[in-house]
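In: pasting the structure only:
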């Protein structure tokens, strides 16, 4: 039996599930100025994916990399959601 697909699917599901609240908390506490941290994480994981020889860890690093890249867009969308009042705004932050 080959469990690679199940492992990668579960890791992808977990990764997406973890990045959603991370984006919300990052925007709340740090604002959109922290987008570079998601970019840096994505680049590091992408490079790691290229150099890791085993298929499952390499694939999971790729999923984390592209989830991180997608989080940059979601960070700016989260700011719009906050401005619409869908999420709480941090009280003492100047724009």
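Out: That came in fine, so what should we check first? Computed from a predicted structure; not experimentally measured. Numbering: from 1, shown residues only.

In: Any idea how many residues pack against residue 42?
Out: Using other CB atoms under 10 Å, residue 42 is surrounded by 19 other residues. From N, CA and C alone the C-beta is placed, and that goes for glycine too.

In: Report the spatially nearest residue to it, omitting neighbours in sequence.
Out: Nearest non-adjacent residue to residue 42, counting by CB to CB, 6 or more residues apart in numbering: residue 68, 3.7 Å away.

In: How many neighbouring residues does the one you found have?
Out: Neighbours of residue 68 using other CB under 10 Å come to 22.

In: same for the one helix or strand it maps to, what does it pack against?
Out: Element membership of residue 68, judged by DSSP states H and E, is helix 55-83. Counting contacts by 3 or more CB pairs under 8 Å, 6 or more residues apart in numbering; DSSP states H and E, helix 55-83 packs against helix 4-30, helix 35-51.

In: and the longest one with helix 35-51, angle?
Out: Relative orientation of helix 4-30 and helix 35-51, computed by axes from the mean of the first three to the mean of the last three CA atoms, to 10 degrees: 160 degrees.

In: what's the angle between helix 4-30 and helix 55-83?
Out: Using the same axes, to 10 degrees: helix 4-30 against helix 55-83 is 30 degrees.

In: What degree of burial does the closest residue to residue 44 other than its chain neighbours show, as a neighbour count?
Out: The spatially closest residue to residue 44, leaving aside those adjacent along the chain, is residue 65, at 8.0 Å (CB to CB, 6+ apart). A total of 21 residues lie near residue 65 under the criterion other CB under 10 Å.

In: Contacts only, for residue 65.
Out: 41, 42, 43, 44, 45, 46, 48, 49 (CB atoms under 8 Å, 6 or more residues apart in numbering).

In: Go again with 10 Å.
Out: 15, 41, 42, 43, 44, 45, 46, 47, 48, 49, 50 (CB atoms under 10 Å, 6 or more residues apart in numbering).
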